[in-house]
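let's see this in three dimensions:
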Amino acid sequence: MEILEEIEPLLSSLATPSHVYARWGAVSGATVAEQVFDLVMIAQDDWAHQAVAGAVGPSSAREVESALEPVDEAGAIELMTNLSAFDLVHSQPLRDRDHAKRAAARVAKLLGRDTSWVTNMESTENGRAWTPVTRHGIDVVVAGATAECFVILLALGDD
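So this is what the prediction gives:
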């Protein structure tokens, strides 16, 4: 799928090896929540050394789905930009914000106006209001899906 070939380097450039995870692909019958849950499991395995003993988070795609709320395209672009550009806990820069904004906007443009965007943020205006999708202190996810493909950006942090 040609769109995914363009999306791959863009989402890869938004991810970081230690804090921000990305996933994209063709829609294969799995729901967005199932794709997010699969990515959460990978991130939690990577972050197992950071987990607080006894900390719990959603244990199924259904629980993740209940944490996700619709967000408009502008909000999704802003979330992708900020998740990529800044550390969730300390707001330290992770990369150039202008690059992140251009990449996020291009992803949204490639997916098109009919994309359904979701996030676990309760308000894109308040960076501290979210419903957890992992067992870690802070996590924010933004995902978009069309009839053909999906994209996900997941950022983690522990305070």
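
quick check: S60 touching F37?
Yes. Here S60 reaches F37: they are 6.9 Å apart, a contact under CB atoms under 8 Å. Bear in mind the C-beta positions are built from the backbone N, C-alpha and C, glycine included.

more neighbours: those two, which one.
F37 (20 against 11; other CB atoms under 10 Å).

secondary structure element for K109, which one?
Using DSSP states H and E, K109 maps to helix 97-111.

what is the following helix or strand past that helix packed up against?
Sequence-wise, the next helix or strand downstream of helix 97-111 (DSSP H and E) is strand 116-119. Counting contacts by 3 or more CB pairs under 8 Å, 6 or more residues apart in numbering; DSSP states H and E, strand 116-119 packs against strand 69-71, helix 73-85, strand 138-145.

can I get those in a markdown table with mean pLDDT and distance to P9?
Formatted as a markdown table, these follow (pLDDT from 0 to 100; distance: least, CB to CB, whole Å):
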| stretch | mean pLDDT | distance to P9 |
| --- | --- | --- |
| strand 69-71 | 94 | 24 |
| helix 73-85 | 94 | 13 |
| strand 138-145 | 91 | 17 |
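
of the ones you listed, which is nearest V20?
helix 73-85 (5.8 Å; CB to CB).

and the closest one, what does it pack onto?
Under the contact definition 3+ CB pairs under 8 Å, 6+ apart, helix 73-85 sits against helix 2-14, helix 97-111, strand 116-119, strand 138-145, strand 149-157.

what about 6 Å?
Under the contact criterion of 3 or more CB pairs under 6 Å, 6 or more residues apart in numbering; DSSP states H and E, helix 73-85 touches helix 97-111, strand 138-145, strand 149-157.

using JSON lines, lay out those together with mean neighbour count.
Formatted as JSON lines, the helices and strands packed on helix 73-85 follow (neighbours: other CB atoms under 10 Å):
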{"stretch": "helix 97-111", "mean neighbour count": "18"}
{"stretch": "strand 138-145", "mean neighbour count": "24"}
{"stretch": "strand 149-157", "mean neighbour count": "24"}
